[in-house]
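Visitor: My questions concern the predicted model and sequence given below.
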Amino acid sequence: MSYESEGKELKELLGLKGSPVAVKLAKTVADVPAGIPKMSEKTRHCQFVQNARLKGVKGYATREEHQCKGGAGVMGIETLPQAVASGDMYYKLGNFKTAEGALETVTAMPKSTENYYASIYAPLEAGGFEPDVVVVVVNPKQALRITQAYLHATGGRVSSDYSGIQSICADAVIAVKERNVPNMTFGCNGSRKNSGIADDEVIIGIPPKSLASIVEALKTFKEKWG
Amino acid sequence: MRETTKTIVLTGVKAPNAAITIENIIKGAEDRNDIIFMISPGSETGIDAIAKKYGYHMEINADGKNIGARFAPVSKAMKEIDVTGDTCPGPAITVGNHLSSMTAGDRVKVKSGCSDSIEDIAMAVKAAGSKVVETGNEDGKHFLIAEKAIKAAAQAGAPVEKDKLLIVQSNGIGNAERAYATFIFSKVALSMGKTVTIFLLMDGSSIARKGTAAGVKHPAFERLDKMMDDVIKAGAKIYVCELSAQFRGIKSTDLVPGAKLAGAATYLELLSDPSYTIANF
Amino acid sequence: MDMTYQIIALTIMLSAMISGFITFRMIGMKLAVHFGALALALIVTLAAIATGTTPIVYAAAALQIIATLTAYTQTWKILQYNFQTSPGYAPHLALVTMLPVLAIASLLV
């Protein structure tokens, strides 16, 4: 299925800065879609996302290309480093008062249940492949519209699950991939420092299957509310 | 296409958000299969209401630190087997074969006109490391629902306390000495605080038949049926091999109160239980 | 009267005393009725052979049949429900089962 039109519409209807990002996890090299080259630079997952969003960079990254092992770890591309898994790193960084608190948070962090060969990134409208998750970096009002659009068809409420660490990898990608439910998260220290997530920006991971109805709803809102 | 049970980890999501997230997951689910949600203790609030709302049957399993809330769609066709009329060990073997071909988390419903068969099958299910999640009556038949689980590896090195006695007796009223000894040993074991289980098979099944033990009386002891009754009242369980009874025209209604028919799976399970000391004479 | 059949019956009953005793122990020492009947039959048969008196021969025959019947009534449940142990009772039952035919024959011939 081509997400070209949906990507474009999402961008226009919300007035997004940059593109929605298609993120996919590949089990083997054969699962990497045709036309997607290997990333030329070694950097972090959140930076790959921002590059796709703001610069239109397409590519896939194996464990060699992933500089941040915490991010690669929760996505199943790498083993989560012991310092991260034990909570030690975040305790030392100052996120938590006690080592136990750090461990509890890291234990509860969404993690991939399977191992993967690589992660793939592309602007949604140019990707040409079916993503596992669509990641958007938005301001609060755009986040509001997305939430309203998600609930438009069936009603109810949404719940966001985050902890202030590993937001773009664990919260925005893995949690959404496993649950098939959108998740909003605030950019963590790492993603803000390293990939330039702005102070007034938040991140939402959207299940691809919800896109069509979200776009539909956004159109309705545009008509009703302008 | 093989259906397997998906597990979604939500241990970091506390109530009431766990319920909200679960509701959204169920809403967005493409097909109605079983899902197990791993949540942390205290986060179950409101989840059963969600299950009801969307037509799922919910079951909570506390598994150490976390809780597994299993959602099974109510209208989902679970495989059903009817073993009414099958002679032991047929039913236990049928169910055992079925379980071995299932995936962990899948369920099967077993029905039988005979409640003793169902109890024997329950033994076979547990012996295979799986779980019995429900038993009951339906349309005049007894049933149980078994859920396949992967048998956990036994913990090495833990010494087993042998506080139970299993007496296996294949001799019946025709061998008064052995018949008496069965209950004499039982009395002693009970007085030592042991749990006593007697398994009567082959000729032994005649001992538990109503009226038969009354015909056995040795000058040195009280009537055999009285001794058996004392032992039952003191808490011993008496099982009678179903097949042996059937061969001898003994039905479950012919047994003395306190004795019940059991199948091969029960016998084997008792024999394999390391907490039993076995006396077979 | 020809005592041949009664002599054969006597032989069998003597043999049955020992097999009966062995059986008696297996059954839990509770075979009094049959044992009594067998012992009585033995004594009366001896008397019949010794005296040759017809009424005594009839009495002996009757007691021999009763001895056989009581053997069965007392072991019936065992025969019915104890396949494995029944062979232990077979020698005695086989012996006493020979008695009714001999008893009748001794009266007719």
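Guide: The structure has been received and is ready for your questions. Numbers count the residues shown, from 1 in each chain, chains lettered A, B, ... in the order given.
Visitor: and the residue lying closest to A:Pro131 once chain neighbours are set aside, helix, strand or coil?
Guide: Distance criterion CB to CB, 6 or more residues apart in numbering or on different chains; nearest residue to A:Pro131, sequence neighbours excluded, is A:Ala22 at 3.6 Å. Bear in mind the C-beta positions are built from the backbone N, C-alpha and C, glycine included. Secondary structure state of A:Ala22, per DSSP: H, G, I helix; E, B strand; the rest coil, is strand.
Visitor: who does A:Ala22 bridge with?
Guide: Counting by DSSP bridges, A:Ala22 forms beta bridges with A:Ala122, A:Val134.
Visitor: Can you name the residues that contact the spatially most central residue of chain B?
Guide: Taking CA atoms, centre = their mean, the centroid of chain B lies closest to B:Ala122, which sits 3.0 Å from it. B:Ala122 sits next to B:Val132, B:Thr135, B:Leu144 when contact means CB atoms under 8 Å, 6 or more residues apart in numbering or on different chains.
Visitor: Which of the helices or strands spans B:Ile238?
Guide: Assigned by DSSP states H and E, B:Ile238 belongs to strand B:237-241.
Visitor: what about the residue in chain C positioned nearest to chain A, neighbour count?
Guide: Residue nearest to chain A within chain C (CB to the nearest CB): C:Gln84, separated by 57.1 Å. Using other CB atoms under 10 Å in any protein chain shown, C:Gln84 is surrounded by 15 other residues.
Visitor: What sits closest to it if chain neighbours are left out?
Guide: Per CB to CB, 6+ apart, closest to C:Gln84 is B:Asp203, 4.6 Å.
Visitor: measure the one you found to B:Ser244 for me?
Guide: Using CB to CB, to the nearest Å, B:Asp203 is found at 8 Å from B:Ser244.
Visitor: Also B:Gly28?
Guide: When distance is defined by CB to CB, B:Gly28 is 56 Å away from B:Ser244.
Visitor: and the helix or strand of chain A with the lowest mean pLDDT, how far from the chain's centre?
Guide: Lowest mean confidence among the helices and strands of chain A (mean pLDDT, DSSP states H and E): helix A:124-127, at a mean of 89. How far helix A:124-127 lies from its chain's middle: 15 Å, per CA atoms, centre = their mean, to the nearest Å.
Visitor: In chain C, spot the helix with the most residues.
Guide: Counting by DSSP state H, the longest helix found in chain C is helix C:54-81.
Visitor: and that one, how far from the chain's centre?
Guide: Distance, centroid of helix C:54-81 to centroid of chain: 6 Å (CA atoms, centre = their mean).
Visitor: Then stretch C:82-96?
Guide: 14 Å.
Visitor: Let me know the secondary structure of A:Ala149.
Guide: What three-state DSSP gives for A:Ala149 is helix.
Visitor: That one contacts A:Phe221, doesn't it?
Guide: Yes - using CB atoms under 8 Å, A:Ala149 makes contact with A:Phe221 at a distance of 6.8 Å.
Visitor: what secondary structure does whichever residue of chain C sits closest to chain B sit in?
Guide: For chain C, the residue closest to chain B is C:Gly28, as judged by CB to the nearest CB, at 2.8 Å. Going by three-state DSSP, the secondary structure assigned to C:Gly28 is coil.
Visitor: Can you name the residues of chain A that neighbour chain B?
Guide: A:105, A:107-111, A:113, A:154, A:156-161, A:163, A:178-181, A:207, A:209-210 (CB under 8 Å from any CB of the partner chain).
Visitor: Quick one: buried ones out of the residues you listed?
Guide: Listed as buried from the residues of chain A next to chain B are A:105, A:108-111, A:158-161, A:163, A:178-181, A:207, A:210; burial here means 16 or more other CB atoms under 10 Å in any protein chain shown.
Visitor: picking up where we left off before, sec struct for the residue nearest to the centre of chain B, please.
Guide: Assigned with three-state DSSP, B:Ala122 falls in the helix class.
Visitor: B:Lys217 versus that one, what's the distance?
Guide: From B:Ala122 to B:Lys217 the distance is 38 Å (CB to CB).
Visitor: so where's chain A shaky on pLDDT?
Guide: A:1-2 (pLDDT under 70).
Visitor: helices or strands up against the longest helix anywhere in it?
Guide: Within chain A, and with DSSP H defining each element, the longest helix by residue count is helix A:208-225. Other helices and strands packing on helix A:208-225, by 3 or more CB pairs under 8 Å, 6 or more residues apart in numbering or on different chains; DSSP states H and E, are helix A:4-14, strand A:133-138, helix A:140-152.
Visitor: got the ones you listed as JSON lines, with mean neighbour count columns?
Guide: Formatted as JSON lines, the helices and strands packed on helix A:208-225 follow (neighbours: other CB atoms under 10 Å in any protein chain shown):
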{"stretch": "helix A:4-14", "mean neighbour count": "18"}
{"stretch": "strand A:133-138", "mean neighbour count": "26"}
{"stretch": "helix A:140-152", "mean neighbour count": "17"}
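Visitor: Export these to a markdown table and append columns for distance to A:Gln50.
Guide: Converted to a markdown table, the helices and strands packed on helix A:208-225 look like this (distance: least, CB to CB, whole Å):
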| stretch | distance to A:Gln50 |
| --- | --- |
| helix A:4-14 | 16 |
| strand A:133-138 | 7 |
| helix A:140-152 | 16 |
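Visitor: re the thing from before, so for B:Gly28 and B:Ser244, which sits in the more crowded spot?
Guide: B:Ser244 (23 against 16).
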